[in-house]
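Take a look and give me a structure for this.
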Amino acid sequence: MLGTLLLLGALLAGCQGEAQRPAATAPATADLSAYRLGIGDKVRINVFGEPELSIEGDVDATGSLSYPLLGSVPALRKTAAELGKDLASGLANGYLVNPDVRVAVIQYRPVYVTGQVNRPGAYPYTAGLTVEKTLALAGGLTRLASERGIFLQAEDAPASQRRRVALDAPVFPGDTLVVEESLF
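You can find the predicted model right below:
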């Protein structure tokens, strides 16, 4: 009987703790509308009325995309809309009259996790990925990890610009999370 009362008291205390906890703020989400293509991204190109020119392709190690009729087309650091305009311009130059070209990213380059996590490595990017979700993909933190020593390194930024991040911070394709070892 006493054990039941203690259990009931603990449950009620837990419920009160939940009620008093401040509401969580919505995590920041990655805005991919101005996303710049990088090496390893996969895109789908649709040309209205031209199924043989509608393809899927990867941005290769040179930052280009191999496209029928046009050959190697620079894609690195362009938005999908900018790449679509470049392809339309190239196709309009002697191949098609007023081509309607649409480009969509269908697979983003991976994110990387290193340091004090259980499974360091590269992981596929999905929209809405946060630091916490990325750490979960990497198997969580090791017992030596510093919960305050989690840093984000943007793909094109110098190492000196890595920044400490919260668990709800957005992660973008190509980013690297570094989890440092705790001092104690």
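
make it CA atoms for all contacts and neighbour counts henceforth
Noted.

mind giving me the domain ranges of the protein?
42-107, 111-181 (automatic domain parsing).

out of the ones you listed, nearest to Y35?
Closest to Y35 of the domains of the chain, according to Cα to Cα: domain 42-107, at 5.7 Å.

before we move on, the earlier item: turn the domains of the chain into JSON lines, including mean pLDDT, distance to S33 and mean neighbour count.
Shown next, in JSON lines, are those (pLDDT from 0 to 100; distance: least, Cα to Cα, whole Å; neighbours: other Cα atoms under 10 Å):
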{"stretch": "domain 42-107", "mean pLDDT": "96", "distance to S33": "8", "mean neighbour count": "17"}
{"stretch": "domain 111-181", "mean pLDDT": "94", "distance to S33": "11", "mean neighbour count": "18"}
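
And the contacts of the strand ranked longest in the chain?
Assignment by DSSP state E gives strand 145-153 as the longest strand of the chain. With Cα atoms under 8 Å, 6 or more residues apart in numbering as the test, strand 145-153 has contacts from 116-117, 159, 161-166, 175-183.

Next secondary structure after that strand?
Following strand 145-153 in sequence order, the next helix or strand is strand 163-164 (DSSP states H and E).

Show me what that next one packs onto, helices and strands only.
Here strand 163-164 touches strand 145-153, going by 3 or more Cα pairs under 8 Å, 6 or more residues apart in numbering; DSSP states H and E.

starting at the chain centroid, how far to the strand it packs on?
18 Å (Cα atoms, centre = their mean, to the nearest Å).
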